[in-house]
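Asker: how would this look folded up:
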Amino acid sequence: HPFVAAALDPAYPMVLVRHGERNSQVRNEFEAKLVGMLAEGLIRREKDVVDGMGVVVPHRAQRAAIGAMLQGMVDPEQATLAMEAVDTVERFQGGERDAIVVSATESDPVYLLNSGGFLYDPTRLTVALSRARHKLVLVAAGSVFELFSPDDELY
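Answerer: Next up, the predicted model:
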C-alpha cells in the first residue's frame, strides 16, 4: 500500500502521520487501522518480529483494537508474536526495537483538555518516542497538536 511504503521508507527515520479523526478517547479505531497496516508492513519487512518492531500505545483498549486489526492481516503465529510487541508506554520502559510505531490514540479535544495529562506527560512522551533504534512513526490526530502551546518556553 502506498501509505505503508511512504511511512516506512527508511530514508526518513522519523515520520508523523497526522489525521483528522476527532472523536476518540481511550480507543481509536481509525488509528488502529492505520497502525495495523504499518505493523503488518513491519512484520513483512522485519525478520525478527519481537525485536524488530514495536507499537507503543497509551491505553490497553487501543492495544486490544490494534490486536484485533492484526488478527485479520497476518497469519496467526505472526499475529501472536506481533501482539507481544504491542504494549502500553509503561510496559515499554527500558525496551527498544528497530522500528517503533506510536499511536497517540486520544483525539477528542474536550477529552484531551480534561485528561491530556496522560498523553502530554513529558516522561511518558520521552519513553514513547525514545524506544526506536532506527525508525519512528508517530500516528496522531491533528487535535493533539492544536492543544500545544505556541509559546516555545511553555511548550
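Asker: so G54, which of the three states?
Answerer: Assigned by DSSP: H, G, I helix; E, B strand; the rest coil, the conformation of G54 is strand.
Asker: now do the helices in the chain.
Answerer: For the chain, the helices defined by DSSP state H cover 2-7, 29-45, 49-52, 60-71, 76-84, 89-92, 109-115, 117-120, 122-129, 142-146.
Asker: quick one: buried residues of stretch 85-100?
Answerer: A85, V86, D87, T88, V89, F92, R97, D98, A99, I100 (16 or more other C-beta atoms under 10 Å). C-beta here means a position set from N, CA and C on the backbone, and glycine is covered the same way.
Asker: one more: stretch 22-36?
Answerer: Buried-residue list, stretch 22-36, by 16+ other C-beta under 10 Å: R22, S24, Q25, V26, R27, N28, F30, E31, A32, L34, V35, G36.
Asker: try stretch 128-143
Answerer: Buried, per 16+ other C-beta under 10 Å, within stretch 128-143: A128, R131, A132, K135, L136, V137, L138, V139, A140, A141, S143.
Asker: Throw the residues you listed into a markdown table and include distance to R63, thanks.
Answerer: Formatted as a markdown table, the buried residues of stretch 128-143 follow (distance: C-beta to C-beta, whole Å):
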| residue | distance to R63 |
| --- | --- |
| A128 | 13 |
| R131 | 15 |
| A132 | 18 |
| K135 | 20 |
| L136 | 18 |
| V137 | 17 |
| L138 | 17 |
| V139 | 14 |
| A140 | 16 |
| A141 | 18 |
| S143 | 21 |
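Asker: and of the residues you listed, the nearest to P13?
Answerer: K135 (5.9 Å; C-beta to C-beta).
Asker: pretty sure P13 sits against K135.
Answerer: Yes. With contacts counted by C-beta atoms under 8 Å, P13 reaches K135, the gap being 5.9 Å.
Asker: quick check: which ranges of the protein have low pLDDT?
Answerer: 46-51, 116-118, 148-155 (pLDDT under 70).
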